[in-house]
Every structure is written in structure tokens, then in C-alpha cells.
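A.B. asks: just to be clear, the model below is a prediction. Sequence and coordinates:
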Amino acid sequence: MINRMPEKSAKRKAWAQPQLPLDPSNSVEVVKVSKHYTVVSSSTGRIASAFLWRLATRRYRRDLWALRDVSFDVQRGEIVGVMGPNGAGKSTLLRVIAGISRADSGEVRRLPRVAALLDLSAGFHPSLTGYENIFLTASILGIPRDEMRARLPAIGAFAGIDHDTLEMPLRHYSSGMIARLGLAVALHTDPDVILIDEVLAVGDSEFQVRSAQSLLQFAHEGRSLVLVTHLVDQIEHLCTRALWLDAGKAVAFGSTDEVTPQYRRYLNKRIQQRRSLDLPATAQQTTPESNEKPLAITIERLTLVNEFGHPATTFETGGYLELQAVISPNEDVEDWDLLITLLNEVGDTVDEFTASEKGVELESPAPPGRIRLRMTPIRLYRGRYTFVLQARKRSDISRELGPAVEISFDITMTLDGIQPLVCGTVPFELEID
């Protein structure tokens, strides 16, 4: 007599055990994956759904597609970033890869050992202590207790949590402590793939820098990561390729240098549209007051040099950059200042300041002179940037005293360290003589 497995049980078992990637150089392969949810669009339908789901709510139901034909792959030793606006399907994608949710169509092939950090709880139980949660995670992954016990000092040191705190129930931890412990456990349980959903945004800057360095080392060892974040700078720094999702569809997938500029332009366009909608009609119709003397001060001969004093247009994060220019007054100007703006490749302001804000004493009337603006070390992520210089009225910085001039440059960076950046606090040294 032949015992046959029921069809539903066979499908359930096949789904519970994901297939290995077809390409041995890949750790994750996502092929035309779609996932939808059924939602009820009215309160009447929600009440009826409690009693007669199939009949009473048919007219109120609609399908919400969280993912629609999404395809991409993650190579071994690679960090892939996933970005997109809220509701784009980023978290759903990670849940499908992890095996927590089942795709309606398509296929996910991945290596077996996956660590998923999809929220601040990181799969921990709040009533168990930190130590108990560590051993619980290890047992799920099949790591022997003795082996995990040997890793406890490294886990505690990475998370910055002492022995007494690890003996406390997790419900007494802050959200940052839980996130740090979850990432520490994930990095010390030898997974093939780590799925991270916004966890790196939690914690102080020192922990974020240390976490990023650990993830780079993790990838250097030949393992893979899929990182979901709203911080485009983080993706540009950590990821070799990026996936842009919007409304459940893959808008672009490819090199980070190609995808993130497209996404930044998209975000910048949305911000400008929102600002135009928020402005009252009278404000949109007003025109700026024309300047009485637009050529009172001219700035010319802009040059960028490296630490050796040689002209250059490409610099490296952590290195040296100096901007040189010449001020040429066309008449006596008593009330003047110099406005300097640093823009990224899509026109967003990275930093903006005046010479007086940097403590530079400006002679009156404005004399001919030289401008030297030094950035050392360079605290910028890779990309293209532009300096914009313009003479303005000191008492009314909106009044222009001459034409704006600009010069662009490129920043490269290696992936063997972190140079943290807080927008608006880029260090500059400014001299005018």
C-alpha cells in the first residue's frame, strides 16, 4: 500500500523549505514575486465581514498589492539596499524572503540560514532575560549551547550591555538596547543572510558607525545583507547595488551610483510639489525684489586643490580639499558678506553659511582679496557636489551684491571604514585676505 502525502501538506512543506539559488554565486534570488492583501473599503463591509465574508462583503472588498512582479538577486558577499517611500512594500519583501509571509506568485530561492531583524523586538520575548533570548535564538538556528556560551562576551561587548542588564527581562530594556542586542546576536550566529529593516537608525551615532563597520566586515567574509532604510546616504555608503520600490513595483535595480541619484531626484521633486501646494496663492504670485546694484562685488577664478596644492576635481572621503577664489569689488560696499552653499548632485543643500557666521572679520569697504575654504577631513559621502559663492548684504542676506558662481567636484570613498556625516555640520575652515 502506497501512502501519499496530501496535496496541501506537500505544498506547505515545499514552501517551508526554500530552494537554494540556481546561481551558486548568489545568496538570494527573487523571481517575479507578488503579494497581495484583501482589504474592506467601508465600515458597513467590515461589520458584514464578521458574519458573511464570502457574500456580504463581496462588493466592499478590494485587492491591495504590496508587491507586484519584483525580481532581483543578492550575490554572496554583497550588501543590497532597498529604498522607497512609506507603503512601497519594503518590509513585505523582507518578510517574504525570510519565509514569514508567503508570496502569492513568483519564487524566492535563498541560502538556508537567515537572520531577520524586521522590528525593534528582533523576535525576542519580553518576559525572558537577555541571556535567555540569546540562547533561544541560538537554539532556533541550531547552534549548540556551549558554542553560544563562548560567544556571549563578544555579543555583550558589541551591544554595549553589561552582565547585570543581560540578566534582566527584556521588557525593562529601551528600544535602542533591544535593537543593539538583536544586531549583535545576528552578527554572532553565523547566518548566510541578514535582513535588516530600519534597525540601524536606532541608537547613538557611535553605535551606528560601529554597526556599519561590522556589516562591511560581515560582507567581506562572503556573507550577504539586505538593508531596508530611508537613509539614502546609508545605502550609498554601505551598498554596492540598490533596489527602488514604489507602490509594490520595482522602479529600478542596479548599481548604487546609478539608482540613488534617480531616487534623490524623485524625492526632491515630491518635496517641491508639496511645497508649492502648501504655499498660499498670493505667495506663489509674488516676485522677488530686483537688486539695485547686482554687480557691486564679483567673485572669480574659482579653483579646487588637493593637499599638495595641485588642481583637482576628484577627492576622497577623509582627505583634504581647498577652494580658492578671488574677490573683485566694482565699487565701495560697506555692508557685505559672503554666502557659501554646498549642494549635492540633485540640488539639495548639504550645508550653507556666511563668512561672518564662521567668525571671519570682513573689512569695510570690501577690499580685493582671496578666499580660501578648506575642508579637512572631508566628511562627505561619495557623489557629486557643488560649491556656490555669492556676495550678499550683511544686514539683509536675501539681497544680492553680485552674480552667484559655482564649481563642482566628485567625492569617492573606500568601504574599509566609516566617515560619519551630519548634514548642516560639515566642518570648514574659511579665510578671506
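C.D. replies: Happy to help now that I have it.
A.B. asks: what mean pLDDT does stretch 318-325 get?
C.D. replies: The pLDDT scores in stretch 318-325 average 89.
A.B. asks: what comes up buried for it?
C.D. replies: By 16 or more other CB atoms under 10 Å, the buried positions in stretch 318-325 come out as 319, 320, 321, 322, 323, 324, 325. All C-beta atoms are positioned from the backbone trio N, CA, C, and that covers glycine.
A.B. asks: residues near the residue nearest to residue 218 when sequence neighbours are not counted, how many?
C.D. replies: Of all residues beyond its chain neighbours, the one nearest residue 218 is residue 187 (6.1 Å), with distances taken as CB to CB, 6 or more residues apart in numbering. Neighbour count of residue 187, defined by other CB atoms under 10 Å: 21.
A.B. asks: got the buried residues of stretch 318-325 as JSON lines, with secondary structure columns?
C.D. replies: Listed next are those as JSON lines, based on DSSP: H, G, I helix; E, B strand; the rest coil:
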{"residue": "319", "secondary structure": "coil"}
{"residue": "320", "secondary structure": "coil"}
{"residue": "321", "secondary structure": "strand"}
{"residue": "322", "secondary structure": "strand"}
{"residue": "323", "secondary structure": "strand"}
{"residue": "324", "secondary structure": "strand"}
{"residue": "325", "secondary structure": "strand"}
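A.B. asks: closest to residue 385 among those residues?
C.D. replies: Nearest to residue 385, judged by CB to CB, of these is residue 321 at 9.7 Å.
A.B. asks: and the closest one, what does it touch?
C.D. replies: Going by CB atoms under 8 Å, 6 or more residues apart in numbering, residue 321 touches 304, 306, 315, 374, 375, 376, 378, 409.
A.B. asks: in space, what's closest to the fourth one - neighbours in sequence excluded?
C.D. replies: The shortest distance from residue 374 to any residue that is not its chain neighbour, by CB to CB, 6+ apart, is 4.3 Å, and that residue is residue 429.
A.B. asks: quick one: the one you found and residue 376 touch, right?
C.D. replies: Yes - proximity of residue 429 to residue 376 meets the contact threshold set by CB atoms under 8 Å, at 7.4 Å.
A.B. asks: between those two, which has more neighbouring residues?
C.D. replies: Just comparing residue 429 and residue 376: by other CB under 10 Å the higher neighbour count belongs to residue 376, 14 against 11.
A.B. asks: show me the contacts for that one.
C.D. replies: 307, 319, 320, 321, 427, 429.
A.B. asks: and the two most separated of those residues?
C.D. replies: 307 and 427 (15.6 Å).
A.B. asks: got the CA coordinates for stretch 118-135 in PDB?
C.D. replies: Output of stretch 118-135 as PDB, limited to C-alpha atoms (Å, rounded to 0.1, in the frame of the first residue of the first chain):
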ATOM      1  CA  LEU A 118      12.400  43.200  11.000                       C
ATOM      2  CA  ASP A 119      11.500  45.300  14.000                       C
ATOM      3  CA  LEU A 120      12.900  46.600  17.300                       C
ATOM      4  CA  SER A 121      11.900  43.400  19.200                       C
ATOM      5  CA  ALA A 122      14.000  41.400  16.800                       C
ATOM      6  CA  GLY A 123      12.000  38.200  17.500                       C
ATOM      7  CA  PHE A 124      12.700  38.300  21.200                       C
ATOM      8  CA  HIS A 125      10.300  37.500  24.100                       C
ATOM      9  CA  PRO A 126       9.800  40.400  26.500                       C
ATOM     10  CA  SER A 127       9.400  38.200  29.600                       C
ATOM     11  CA  LEU A 128      12.800  36.400  29.000                       C
ATOM     12  CA  THR A 129      16.100  37.800  30.100                       C
ATOM     13  CA  GLY A 130      18.700  39.000  27.600                       C
ATOM     14  CA  TYR A 131      20.700  35.800  28.100                       C
ATOM     15  CA  GLU A 132      17.600  33.600  27.700                       C
ATOM     16  CA  ASN A 133      16.700  35.400  24.400                       C
ATOM     17  CA  ILE A 134      20.200  34.900  23.100                       C
ATOM     18  CA  PHE A 135      20.100  31.100  23.800                       C
END
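A.B. asks: now do it: everything it contacts.
C.D. replies: 91, 94-95, 98, 100, 116, 136-137, 145, 148, 152, 155, 161, 165-171, 173, 175, 178-179, 181-183, 185-186, 195, 197, 199, 202.
A.B. asks: related to what we said a few turns ago, which of the contacts of residue 321 count as buried?
C.D. replies: If you count burial by 16+ other CB under 10 Å, the buried members of the contacts of residue 321 come out as 304, 306, 315, 374, 375, 378, 409.
A.B. asks: from these, which two are the most distant?
C.D. replies: 374 and 409 (13.6 Å).
A.B. asks: endpoints of stretch 391-411, how far apart?
C.D. replies: With CA to CA, to the nearest Å applied, stretch 391-411 spans 26 Å between its terminal residues.
A.B. asks: begin at 41 from here
C.D. replies: Sure thing, new numbering starts at 41, so read that last one as stretch 431-451.
A.B. asks: just the buried residues of that stretch, please?
C.D. replies: Quick answer for stretch 431-451 (16+ other CB under 10 Å): 431, 432, 433, 434, 439, 440, 441, 442, 445, 447, 449, 451.
A.B. asks: and these, which is closest to residue 282?
C.D. replies: residue 451 (17.8 Å).
A.B. asks: contacts for whichever strand or helix holds that closest one next, please.
C.D. replies: In this structure, residue 451 sits in strand 445-452 according to DSSP states H and E. Applying CB under 8 Å, 6+ apart, the contact partners of strand 445-452 are 339-340, 342-344, 352-357, 361, 363, 365, 418, 420-430.
A.B. asks: what's the neighbour count on the closest residue in space to residue 338 that isn't next to it in sequence?
C.D. replies: Nearest residue to residue 338 in three dimensions, chain neighbours excluded: residue 368, at 4.6 Å (CB to CB, 6+ apart). Number of residues near residue 368 (other CB under 10 Å) recorded here: 13.
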